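Q: attaching a predicted model along with its sequence, questions to come.
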Amino acid sequence: GKRAFEGRNQGGMFQSVFLFGFLQIIAIVAYNATFVIDRVPGNPDGFPRPVIRVTQEGVPQSLPFPGPLIRVIRGDTITLTIRNHLNQRTGIHFHGFEMKGNPWMDGATEITDCGIAPGSSFTYRFVADNAGTFWYHSHSATQYSDGLLGPIIVDPAPGDADPIRAAFPNKDADDHLMLIQDWDHETSDDILTKAGPRDSYPGFIPAYPWPTTTILMNGIGNGTCDVNQCGPTIDCDSQSCLNLRPPMFGECNSETHPPNVFVCGGQWTRFRIVNVGSTVPLRIWIDGHNMTIVAKDSVPTVPMEVTMVSLHIGQRYDVMVNCSQDPTRQYHVYTTVASELYPAGVTSKTFSTSILKYSTSTSTSTSTFKTPDNYPWQLFEDPKLATLDLLEFKLKPLDQNLGKIGPAVKRIILTTEVNSQVENQLEEWWTNKNVFVKPVQPLLLGLYQGMDLSDLVPSPTVGSLGQTYSTSMLNFNLNEIYEVVMLGNSWETHPWHIHGNQFSFIKAGYFDRAVVPMGNSSSRCGYNPESPSQVEIEKVIGNFTEISDVLTVGDTFAIPKMGYVVFRFRPSNLGIWMLHCHVSWHQAMGMSTLFSIQDENGFFNLKPPPDDFPICGSMATWKAL
């Protein structure tokens, strides 16, 4: 049967149909579409629960999410109207698009705009500047964790060099999307509510959403209908569990959806893999087939052949698969939690399968299916797999012009860590001991209109452990190179994403650090590592005033557990851009900061927002200026 993304892009650059994972390009027209956002009952893994549906107006689809595929050619203008039928504001972030000179389209509610009010609509208009694989998702509350997301593909323009297709010839038909994500049986609002406050009622115990209940591929998966079974927990935290329960929207049937089926047509087939999840990194591999990574975060990379790929939340990997195995068989595509990127003892056997078949095959026989109970999980207990969280830093850009970056004028150190000693909440996340608090009014719009910063952000407050609560923001000058060192004082890896920019990564690894007790806790989860000294940083990382080789480039990256990442960038895009952890719950608990890029005139050289730009609070329309 038909899978996700069917009947999409009517009125778009491409009208695309996905049949068994097979992408067919039907028509070429200018992209202009309207998406409708609403909340409906859904059963992506057979367990009925409320989900957010994303549909193209006038185009039927069988699944509530992922949303319609947007497929255009580089240089095209995307005109997308969002009709908000939710009971809360929403906004769409186009993950990976830099929105050069047009930060109003970034979709980061409370930062650039007020969000689209319930019952209203807004039209995003922007140019697809770069080719590659992207995705869109809500940047309001944790809505994308309930389904408000979808894919974007930007193809090279006529006459553009296409190094991937030149090296790996394939047809348009041999081009597949794989949107993988973790999924829970509770809504994101309820999951966040479960995190606290502790004094909600006598005996209430906050909990973190672990383990992941299900893994979805393109909006479907085979989940569990078990109840009251938490599964494995973090060995030092018995509160990291959400009890499973019977559904209230109908019967649970874990066999509701047949698996996704992808077709190998020619010699090379391209898979565009995106981790659109909320909580965990995911690992994917195909029985009997290696994968060759050819792009990361939409940037072509020097090809690297691997047996499996681990993706952190928000990352996009394009891989090529050589369809040279027995064409009479079918092969399983496995997706699991990449547990090796978590603290020792934290494991999950959550499991998802899809099918890879050859276009010439008429057989229904598949490679030997291994269930979570009989799969040789010890293969993934090899300590060498810990290096998978550094794989992304081995993917060198194919463009040699990106291979070096000049000296920096300044080094900035950002230390990230968790505070699990919060009096009321389960935990909160710090960056330089600051818990990010959103502005009270949209920051960029207010500053563009000449409002005072103090009228836009709340006054900072100080917590019991000396942590501050504020709208933290770092200021950067145009066209000067800066170096940023991010330290991961945490027992898990964290995926980070920068809006409106691309980073050149020059170092990544681990410090050999002792740990010190945090508060009165004696358990490992209550420990934070001791931050390295400036001397140690300079010894390991080197001098920021020298030219450096670039390991890789991108907009989404992970800080290794108990490790570091170093990047440089040359700010060239006016605006206020979020840098945040892409774990939904961590971002909601304060793991963010802002990069403010201005010139000598502040933000006033920006073109004005569109006429229908959402406003709120004491904002005036830009037309009144």
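A: On my side now, so go ahead. Numbering: from 1, shown residues only.
Q: which parts of this structure are helices?
A: Ranges of helices in the chain, per DSSP state H, are 163-167, 188-194, 443-448, 534-541, 584-588.
Q: packing partners of the longest one?
A: Applying 3 or more CB pairs under 8 Å, 6 or more residues apart in numbering; DSSP states H and E, one finds that helix 534-541 contacts strand 503-510, strand 563-569. Using the backbone N, CA and C atoms, a C-beta is placed for each residue, glycine as well.
Q: tell me which of these lies nearest to Gly196.
A: Go through the helices and strands packed on helix 534-541 one by one with CB to CB and the one that ends up closest to Gly196 is strand 563-569, at 28.7 Å.
Q: so what does the closest one touch, helix or strand wise?
A: The elements that strand 563-569 packs onto, with contact taken as 3+ CB pairs under 8 Å, 6+ apart, are strand 482-489, strand 503-510, helix 534-541, strand 556-559.
Q: which residues sit against that strand?
A: Outside strand 563-569, the residues that touch it by CB atoms under 8 Å, 6 or more residues apart in numbering are 393, 405, 408, 481-488, 501-511, 540-541, 544, 548, 557-559.
Q: now it - C-alpha only, CSV.
A: Output of strand 563-569 as CSV, limited to C-alpha atoms (Å, rounded to 0.1, in the frame of the first residue of the first chain):
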residue,chain,number,x,y,z
GLY,A,563,33.4,16.1,26.0
TYR,A,564,33.8,19.2,23.9
VAL,A,565,33.1,20.6,20.5
VAL,A,566,34.9,23.6,19.0
PHE,A,567,33.6,25.6,16.0
ARG,A,568,34.3,28.8,14.3
PHE,A,569,32.0,31.0,12.2
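Q: related to what we said a few turns ago, out of the contacts of strand 563-569, which end up buried?
A: 393, 405, 408, 481-488, 501-508, 511, 540-541, 544, 548, 557-559 (16 or more other CB atoms under 10 Å).
Q: contacting residues for Ile537?
A: The contact partners of Ile537, taken as CB under 8 Å, 6+ apart, are 413, 485.
Q: can we see that at 6 Å?
A: In this structure, Ile537 makes contact with no residue, judged by CB atoms under 6 Å, 6 or more residues apart in numbering.
Q: and what of the one 10 residues further on?
A: Contact analysis of Ile547 by CB under 6 Å, 6+ apart lists 404, 406-407.
Q: swap in Val309?
A: When contacts are counted by CB under 6 Å, 6+ apart, Val309 is found next to 284, 317.
Q: repeat that for 10 Å
A: 271, 273, 275, 282-285, 291, 293, 296, 315, 317, 319, 338, 388, 391-392 (CB atoms under 10 Å, 6 or more residues apart in numbering).
Q: what do you get for Trp135?
A: With contact set as CB under 10 Å, 6+ apart, Trp135 has these partners: 66-67, 70, 93-96, 144, 149-153, 177, 179, 272, 274-276, 314, 316.
Q: now the helices and strands packed on strand 563-569 as JSON lines including distance to Met589 and mean pLDDT?
A: What follows is those, written out as JSON lines (distance: least, CB to CB, whole Å; pLDDT from 0 to 100):
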{"stretch": "strand 482-489", "distance to Met589": "15", "mean pLDDT": "93"}
{"stretch": "strand 503-510", "distance to Met589": "24", "mean pLDDT": "94"}
{"stretch": "helix 534-541", "distance to Met589": "27", "mean pLDDT": "78"}
{"stretch": "strand 556-559", "distance to Met589": "16", "mean pLDDT": "96"}
